[in-house]
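**Student:** Just need the structure, nothing else, for what follows:
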Amino acid sequence: MRLLMPAGRPDAERRDKGPGKVEGVFYNPAMRLNRDLSVLVTEAWAERHAARRTDGRPFRVYDGLAATGARAVRLAKEVRAPVEVVANDRDPDAVALIRENARTNDVEGRVVAVQGDFAFGLAGGRADLVDVDPFGSPAPFLDTAIRLVRDRGLLALTATDMTALCGVFPEPCRRRYDAEPWHGPGMHECAVRILIGAAVRAAARHDVALTPVLSHATDHYVRTYLAVRNGAKRADAAVARLGRAVEEADGTRHVQDRDALVPADVVRAAGPLWGGALHDKALLSDLVARLGDHAALHHKPLSALLSLAMEEAGAPPLHYEVGEWGRRLGSNPPSREGLFAALRAHGHTATRTQFGRDAFKTDATGPQLTEAYRAAAQDAQKER
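**Tutor:** Next comes the predicted model:
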């Protein structure tokens, strides 16, 4: 894909870190993985849509904050299913750039560039996938996005306000997401769950249920894809899966019912947040199968993310880190593999997770984890 920037120079999808602005139109090269994954997810959902429809209506995507149109053009060009992408931005320079990028990539018939506020970019219509990818928090767009997405559709949310979601500055998290953040080891998973929880509560006000089918925390942002179903009972069921993340004095982490009393010895707590699964294993298997058919994607990071998501899909919420447990016990940490072996030998589950290189999930309590950790550390010492 050739992506034109305002100065007219071609600008390929680079591997730079962090966001970038060129003459006022926002472009973030570090979102390559985000856009790569969008191609796979959109294709999978569009094919499901086509299997249900008999009227031939194409799968409609609404990118309400499209900027350069990088995502919109890629979806139109790379998704191997009939899609129509409405790319909206309120900046007239961005809209002109979207149209030029669509022409440059021969997809102008499938990308409709619109200038307007996010709420009015679909001109009264609705979409099968609504993507909210702002610079900062998606919270101001949630109610509108939920009204714009069709039943059985998909809502995609990106949040880059990590200092709020991870509790560096808790006040913005309370204000934007009506939730108490978690600061310290485990905060990135809680950030994802707070975002999902805020979306679930916003949707429930419209008698709409949201269920995450794929979620991840990568670099400076979190991203979640939420399946949409209409109905008050479904919305009630989704809200019932909200809870509060707690860490007890013995180190045990779990999600409790949000109406339960917080124990007096809790070290930290966060929420309300989503307490259910972050991924749908059937979708993950589908995405892995599709990956080899898309030569333009960066396969290695995508494959790694999907593999870790598959592994953690059935694991309990909230994770630990090998290093932090070593600091807690004042000992040199064993390898993660050694700790896993000790946990499994003691009858517990142990899985890797996407939330850190030495992060893991287990059904062990804090004391049980301590016992396994010490056994693994002793084994590691003997091997030395």
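**Student:** can you give me the strands for the stretch 151-300 of the chain?
**Tutor:** Assigned by DSSP state E, counting those that start in this stretch, the stretch 151-300 of the chain shows strands spanning 208-218, 221-230, 242-247, 253-257, 268-274.
**Student:** Relative to residue 101, which of these is closest?
**Tutor:** Smallest distance to residue 101 across those (CB to CB): 22.3 Å, for strand 221-230. (Each C-beta comes from the backbone N, C-alpha and C, glycine too.)
**Student:** Now do that closest one: distance to the chain's middle.
**Tutor:** With CA atoms, centre = their mean, to the nearest Å as the basis, strand 221-230 stands 7 Å off its chain's centre.
**Student:** now stretch 340-348
**Tutor:** 30 Å.
**Student:** Contacts for that stretch, please.
**Tutor:** Residues outside stretch 340-348 that contact it (CB atoms under 8 Å, 6 or more residues apart in numbering) are 334, 349-350, 360, 362-364, 368-369, 371-373, 375-376, 379.
**Student:** How about stretch 268-282?
**Tutor:** Contacts to stretch 268-282, defined as CB under 8 Å, 6+ apart, come from residues 167, 178-184, 190, 192-194, 196-197, 200-201, 211-215, 224, 227, 241-247, 255, 258, 262, 309-310, 312-314, 317.
**Student:** For PyMOL, what selects the buried ones among the residues you listed?
**Tutor:** PyMOL command restricting the contacts of stretch 268-282 to the buried ones, with burial defined by 16 or more other CB atoms under 10 Å:
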select buried, resi 167+179+180+181+182+183+190+192+193+194+196+197+200+201+211+212+213+214+215+224+227+241+242+243+244+245+246+247+255+258+309+310+312+313+317
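**Student:** Is it possible to get a markdown table of the strands of the stretch 151-300 of the chain that adds mean pLDDT and distance to residue 282?
**Tutor:** Converted to a markdown table, the strands of the stretch 151-300 of the chain look like this (pLDDT from 0 to 100; distance: least, CB to CB, whole Å):
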| stretch | mean pLDDT | distance to residue 282 |
| --- | --- | --- |
| strand 208-218 | 97 | 9 |
| strand 221-230 | 98 | 11 |
| strand 242-247 | 97 | 24 |
| strand 253-257 | 95 | 23 |
| strand 268-274 | 96 | 19 |
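**Student:** any chance of those in JSON lines, with distance to residue 91 too?
**Tutor:** Below are these laid out as JSON lines (distance: least, CB to CB, whole Å):
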{"stretch": "strand 208-218", "distance to residue 91": "26"}
{"stretch": "strand 221-230", "distance to residue 91": "21"}
{"stretch": "strand 242-247", "distance to residue 91": "36"}
{"stretch": "strand 253-257", "distance to residue 91": "41"}
{"stretch": "strand 268-274", "distance to residue 91": "33"}
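**Student:** Which among these is found nearest to residue 133?
**Tutor:** Between these, strand 221-230 lies closest to residue 133; by CB to CB that is 8.4 Å.
**Student:** What residues sit buried inside stretch 297-307?
**Tutor:** For stretch 297-307, the neighbour count (16+ other CB under 10 Å) marks 297, 302, 305-306 as buried.
**Student:** returning to that earlier point: buried ones among the contacts of stretch 340-348?
**Tutor:** Counted by 16+ other CB under 10 Å, the contacts of stretch 340-348 give 334, 350, 360, 362, 364, 368-369, 371-373, 375-376, 379 as buried.
**Student:** Go through these and say which is closest to residue 100.
**Tutor:** Nearest member of these to residue 100, counting by CB to CB, is residue 360, at 47.1 Å.
**Student:** and whichever strand or helix holds the closest one, what does it pack onto?
**Tutor:** Using DSSP states H and E, residue 360 falls within strand 359-361. For strand 359-361, the packing partners by 3 or more CB pairs under 8 Å, 6 or more residues apart in numbering; DSSP states H and E come out as strand 320-321, helix 336-345, strand 351-352.
**Student:** How about residues contacting it?
**Tutor:** Under the contact criterion CB under 8 Å, 6+ apart, strand 359-361 has outside partners 312, 315-316, 318-322, 336, 339-340, 349-353.
**Student:** Starting from it, tell me which strands it pairs with and how they run.
**Tutor:** Strand pairing for strand 359-361, determined by DSSP bridges: strand 320-321 (antiparallel), strand 351-352 (antiparallel).
**Student:** As TSV, these with distance to residue 205 would be great.
**Tutor:** Putting those into TSV (distance: least, CB to CB, whole Å) gives the following:
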stretch	distance to residue 205
strand 320-321	35
strand 351-352	35
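**Student:** Pick the most deeply packed of these.
**Tutor:** Mean neighbour count (mean count of other CB atoms under 10 Å) peaks for strand 320-321 among these, with a mean of 24.
**Student:** how far out from the middle of the chain is the next helix or strand after that one?
**Tutor:** Tracing the chain C-terminally past strand 320-321 and defining elements by DSSP H and E, one meets helix 322-329 next. Relative to the centre of its chain, helix 322-329 is centred 27 Å away, using CA atoms, centre = their mean.
**Student:** Give me the buried positions along helix 322-329.
**Tutor:** Buried residues in helix 322-329, counted by 16+ other CB under 10 Å: 322, 324-326.
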